[in-house]
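**Student:** My questions are about this predicted structure, shown below with the sequence.
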Amino acid sequence: MDLKTGLNSPVIADHLPTLASPAAVMTFTTPTSFPSPGLCLNTTKKIPLPGKIEEVRATGWLDLMKASSPTRKRQTKDAICDTQSDDLDLQYRNWTVNYPSALTSFEEISDLAGNKRLALFLDYDGTLSPIVDNPENALMSDEMRAAVRHVASLFPTAIISGRSRDKVFDFVNLNELYYAGSHGMDIMGPVRKTTDSNGVECIRSTDAHGKEVNLFQPASEFLPMITEVYEKLGESVKDIDGARMEDNKFCVSVHYRNVAEDDYKKVFHRVSAVLEDYPCLRLTHGRKVFEVRPVIDWNKGKAVEFLLESLGLNESEDVLPIYVGDDRTDEDAFKVLKASNRGFGILVSSIPKESDAFYSLRDPAEVMEFLRMLAAWKEQST
Ligand SMILES: O=P(O)(O)OC[C@H]1O[C@H](O[C@H]2O[C@H](CO)[C@@H](O)[C@H](O)[C@H]2O)[C@H](O)[C@@H](O)[C@@H]1O
């Protein structure tokens, strides 16, 4: 969808997600094996681009870095100017023509759900907790925890986060859920209800409460490489004021939210320079953060498919998966749901954005309200 064209689109009537006919249900195919890091080691090292082109590439990244997830300080400054704030408001309202609010469309959503079984997938940062300057302080409120606990008692619910699984569990602290950390590369899910014979290598384990679980870690071979690159990246950005590293087990985050804009370029160059030696790792960009991860064909979308199958919900047409997330990496999950015509994504954003989600919510406060509405609807309809 073209955002500009979309803004003027009067078409609301046909925006409903088309849900799959029984024949079109999502089929999950896990790659039987992933490329091992060893295979990448023989890959020819990337030849650095000549000065000018390299500069253009960096400028592209730089624009992205500046535009991504403006701090609250900047939003407040914008809000001081009434005209500008009215414009933003109008843009947002126009945008919701194409991405209707999941709150105001709740009746439509509950009609879609009908008697289907819901499966809920929730991102963490920016979805269940507000974006804050220090990633260690991204706590979830008690009210939000209660809302998540409530929906999890009614529908299978999973958290799918870029953080390490342990870290996100510490934040959420609910045993009723399933957790996928490292952008889905570290899943602790239910013991599979379907057959184990399609090549998926899971480790049978027990959780903190002795419950049997399946551990799926498709990037486990990359762990030594990730540990090494974490050290090198840390070393390379340590003199940049405000740069912060985060070890997310199978991925590494380099945060620049607290870095002065003049130093953004430095962050980008330092990170790219380290990655020149790691053709098996790739760089993605989130909300004022660079994320380094293995090049394997696995993401939050695959994690959703994997969990649906583990829950025994993949084959049946009476299941409605809903994914709520705010970041670029959540788009992989939105795409999977859209492509399979089964469920839909809800984008959490207070600014207009292109997305494969179907509905929108402004911020974590609205996410909490939506979760409460879902729980209330389920309880009064049974
Ligand atoms: O998939 P998610 O759960 O959304 O994780 C993505 C990244 O989230 C965290 O960073 C973001 O939130 C921080 C706390 O609000 C904020 O300071 C940072 O600027 C955001 O990018 C997390 O710290 C990262 O490691 C995750 O990759």
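**Tutor:** It's in. Residues are numbered from 1 along each chain as shown.

**Student:** So which bits of this protein are right by the ligand?
**Tutor:** Contact residues, the chain versus the ligand (Cβ under 6 Å from any ligand atom): 123-126, 131-133, 135, 138, 161-163, 246, 248, 253, 255, 257, 286-289, 291, 327, 329. Every residue, glycine included, has its C-beta placed from N, CA and C.

**Student:** hmm, try it at 5 Å
**Tutor:** 123-125, 131-132, 135, 138, 161-162, 246, 253, 257, 286-289, 327 (Cβ under 5 Å from any ligand atom).

**Student:** Sort out for me which of these are in strands.
**Tutor:** 246, 253, 286, 289 (DSSP state E).

**Student:** Pick out whichever of those sits closest to residue 342.
**Tutor:** Using Cβ to Cβ, residue 286 comes nearest to residue 342 of these, at 26.1 Å.

**Student:** so what's the closest residue to that closest one other than its chain neighbours up against?
**Tutor:** Leaving aside its chain neighbours, residue 286 sits nearest to residue 327 (5.2 Å; criterion: Cβ to Cβ, 6 or more residues apart in numbering). Contacts were defined as Cβ atoms under 8 Å, 6 or more residues apart in numbering; by that measure residue 327 touches 123, 125-126, 162, 286-287.

**Student:** circling back: would CSV of the ones in strands among the residues of the chain next to the ligand with neighbour count, pLDDT and distance to residue 218 be doable?
**Tutor:** As requested, these are exported to CSV (neighbours: other Cβ atoms under 10 Å; pLDDT from 0 to 100; distance: Cβ to Cβ, whole Å):
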residue, neighbour count, pLDDT, distance to residue 218
246, 18, 98, 21
253, 20, 98, 19
286, 20, 93, 20
289, 21, 96, 22
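
**Student:** hang on, the earlier thing: hmm, which of the residues of the chain next to the ligand are the buried ones?
**Tutor:** Buried members of the residues of the chain next to the ligand, counted by 16 or more other Cβ atoms under 10 Å: 123-125, 131, 135, 138, 161-162, 246, 253, 257, 286, 288-289, 327.

**Student:** And the helices in the protein, which stretches?
**Tutor:** 3-8, 37-41, 51-67, 72-80, 82-98, 106-113, 142-154, 165-172, 223-237, 264-275, 300-310, 331-340, 364-381 (DSSP state H).

**Student:** Please name the residues that touch the spatially most central residue of the chain.
**Tutor:** Geometric centre of the chain, nearest residue: residue 330, 3.2 Å, by Cα atoms, centre = their mean. Residue 330 sits next to 123, 300, 323, 345, 347, 357 when contact means Cβ under 8 Å, 6+ apart.

**Student:** what about it, distance to residue 339?
**Tutor:** 15 Å (Cβ to Cβ, to the nearest Å).

**Student:** likewise residue 293?
**Tutor:** 22 Å.
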